[in-house]
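*Asks:* Whatever this is, show me its structure:
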Amino acid sequence: MRTLLLTIATTLPMFGCGPTQRSFPTAAEVPDGSHLLLPPEASDIVLTEHGGFHTAVFTCPQSAVERFITNLRSERPFLNGSDPVSGTPIINPDNDPLIQQQTFDLRQREFAIRFGNAQAFHANLLCYGVALSRRGGNLGMLFDPNNSRCYLYTAYR
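*Replies:* Residues are numbered from 1 along each chain as shown. Purely as a prediction, here's the structure:
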């Protein structure tokens, strides 16, 4: 089994199956027919495509992010309910301090794996989420209110 995993890990880059990264100045520059879901106001976009998911880092005003999330959720009300959209803090201030720290550490590791930059992660990030399919497809976004940077993760299923 270990040999099989090693073979896959070493041959994926040779055949172009590893992650690919592209940049776009604005959402309007993203090619038609792309799987990428972005607010129309997104700019400075860096897209990383993987086999079954993609990540994107971009700049966008919070009001545009919330409109975007509201629109996506309204397309699938049976999966997302009708709760108003607002960013949820990464860390629940009502939790015990030990749970807060464990949650922060876990989310920071997850962020580093998805976006490759643990330094951009901090406790003031706001979370948004949308269920895209009954099979588990989803879109998650972290918004940094300090600089309007967005960190988007989408899984296809």
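
*Asks:* For the rest of this, base every contact and every neighbour count on C-alpha atoms.
*Replies:* Noted.

*Asks:* and residue 111, that one's in a helix?
*Replies:* Yes. Under DSSP: H, G, I helix; E, B strand; the rest coil, residue 111 sits within a helix.

*Asks:* check contacts around it.
*Replies:* Counting by Cα atoms under 8 Å, 6 or more residues apart in numbering, residue 111 touches 117-118, 121.

*Asks:* how about a cut-off of 7 Å?
*Replies:* By Cα atoms under 7 Å, 6 or more residues apart in numbering, the contact set of residue 111 is residue 118.

*Asks:* swap in residue 79?
*Replies:* Contacts of residue 79 (Cα under 7 Å, 6+ apart): residue 131.

*Asks:* where does it fall, helix, sheet strand or coil?
*Replies:* Using three-state DSSP, the three-state assignment for residue 79 comes out as helix.

*Asks:* How about residues contacting the one helix or strand residue 44 maps to?
*Replies:* For residue 44, the host element (DSSP states H and E) is strand 43-49. By Cα under 7 Å, 6+ apart, the residues outside strand 43-49 that reach it are 19-27, 54-60.

*Asks:* tell me which residues of it are tucked away?
*Replies:* Judged by neighbour count (16 or more other Cα atoms under 10 Å), strand 43-49 contains these buried residues: 43, 45-49.

*Asks:* can you check stretch 80-90 too?
*Replies:* Of all the residues in stretch 80-90, those buried under the rule 16+ other Cα under 10 Å are 80, 85-87, 90.

*Asks:* Quick one: the strands in the chain, in order.
*Replies:* Assigned by DSSP state E, the chain shows strands spanning 20-26, 43-49, 53-59, 88-89, 126-131, 138-144, 149-155.

*Asks:* how far away is residue 77 from residue 132?
*Replies:* In this view, residue 77 and residue 132 are 10 Å apart by Cα to Cα, to the nearest Å.
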